[in-house]
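Curious how this folds, go ahead:
(2 chains)
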Amino acid sequence: EAQVTQNPRYLITVTGKKLTVTCSQNMNHEYMSWYRQDPGLGLRQIYYSMNVEVTDKGDVPEGYKVSRKEKRNFPLILESPSPNQTSLYFCASTPRLAGNTDTQYFGPGTRLTVL
Amino acid sequence: AQSVTQLGSHVSVSEGALVLLRCNYSSSVPPYLFWYVQYPNQGLQLLLKYTTGATLVKGINGFEAEFKKSETSFHLTKPSAHMSDAAEYFCAVRPLMNTGFQKLVFGTGTRLLVSP
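Take a look at the predicted model:
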């Protein structure tokens, strides 16, 4: 089954304790993104990747890191989490198609609480 | 910069009533337009999208949306609401650019409540 998976789905942690949220897709998509969803703000892009070893900042990259060592994986790293990073996080992948009409495929989300 | 405005953070309808969720975008050039749905505790799922061609776009679950360039709108409709339509709906735009990854710019979402 074609899908985007994220782990963990739920995480409660404390300020300053490094964490990684994994994202994996089995559709051989070139593009991958991370979003955070906050009430009243919709989804905002954190980072994106156009291919292996190619990443760039989105709209709200502060406090986050990413890596793209393999095409299928795009982990989100919080080196020193803070309470304002409490949010619902979504990973998405997109095929690179002619005309840029591609659709983003979203993972199920990771709900992170930083105490 | 592209932006998306969804009027109404909550919309309530009765089962069987018309559903109308509003979306307006700001862009000097019509972008690609999308509606996504998010059911409770799930990720976003594409409902429909407009790229080029026919301005009335049909999606899954009986939803459709009409692109109106003169009004910079892309409102989502469904003739008859079902209880299972209760969810949060996001309008999104992708700017038309020639190269690279084109991110989606999302609206703030509209929660649809359906009562019996």
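
In which helix or strand does the most centrally placed residue in chain B reside?
Geometric centre of chain B, nearest residue: B:W35, 3.2 Å, by Cα atoms, centre = their mean. B:W35 belongs to strand B:32-38 when assigned by DSSP states H and E.

which helices and strands does that strand pack with?
strand B:44-50, strand B:64-68, strand B:73-78, strand B:87-94 (3 or more Cβ pairs under 8 Å, 6 or more residues apart in numbering or on different chains; DSSP states H and E). (C-beta placed from N, C-alpha, C; glycine too.)

May I see these organised as CSV, with mean neighbour count, mean pLDDT and distance to A:V21 added?
Below are the helices and strands packed on strand B:32-38 laid out as CSV (neighbours: other Cβ atoms under 10 Å in any protein chain shown; pLDDT from 0 to 100; distance: least, Cβ to Cβ, whole Å):
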stretch, mean neighbour count, mean pLDDT, distance to A:V21
strand B:44-50, 20, 92, 17
strand B:64-68, 18, 95, 32
strand B:73-78, 21, 96, 31
strand B:87-94, 24, 93, 21
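
got CSV for the ones you listed, with distance to chain A too?
Shown next, in CSV, are the helices and strands packed on strand B:32-38 (distance: least, Cβ to the nearest Cβ, whole Å):
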stretch, distance to chain A
strand B:44-50, 4
strand B:64-68, 14
strand B:73-78, 15
strand B:87-94, 6
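
can you count the residues close to A:P39?
Counted with other Cβ atoms under 10 Å in any protein chain shown, residues neighbouring A:P39 total 10.

I meant to write A:I77 there.
Neighbour tally, A:I77, other Cβ under 10 Å: 14.

My understanding was that it contacts A:T20; is that so?
Yes: using Cβ atoms under 8 Å, A:I77 is in contact with A:T20, at 5.1 Å.

For chain B, which residues are neighbours of chain A?
Listed as neighbours of chain A in chain B under the rule Cβ under 8 Å from any Cβ of the partner chain: B:9, B:32, B:34, B:36, B:41-46, B:49, B:51, B:90, B:94, B:96-97, B:100-104, B:106-109.

SS state for residue 84?
Using chain A here. Following DSSP: H, G, I helix; E, B strand; the rest coil, A:N84 is assigned to helix.

That was the other one, I meant chain B.
Quick answer, by three-state DSSP: B:S84 is helix.

Enumerate every residue touching it.
B:N61 (Cβ atoms under 8 Å, 6 or more residues apart in numbering or on different chains).

quick one: pLDDT of it?
As summarised for this prediction, B:S84 has a pLDDT of 95.

Name the nearest residue to A:I46, sequence neighbours excluded.
Counting by Cβ to Cβ, 6 or more residues apart in numbering or on different chains, A:I46 lies nearest to A:W34, which is 4.3 Å off, once chain neighbours are set aside.

Test my guess that the one you found contacts A:R44.
No: the pair A:W34 / A:R44 is not scored as a contact, 9.9 Å apart, by Cβ under 8 Å.

Residues contacting the strand holding B:W35, please?
Contacts of strand B:32-38 (Cβ under 8 Å, 6+ apart): A:100-101, A:103, A:106, B:21, B:23, B:25, B:44-51, B:59, B:63, B:65, B:67, B:74, B:76, B:87-94, B:96, B:102, B:104, B:106, B:109.

returning to that earlier point: which residues does the residue nearest to A:I46 form beta bridges with?
Beta-bridge partners of A:W34, counted by DSSP bridges, are A:Y47, A:C91.

same thing with B:F67?
Here B:F67, judged by DSSP bridges, has bridge partners B:F74.

In contact with it: list those residues for me.
Here B:F67 is in contact with B:30, B:33, B:50, B:55-57, B:73-74 (Cβ under 8 Å, 6+ apart).
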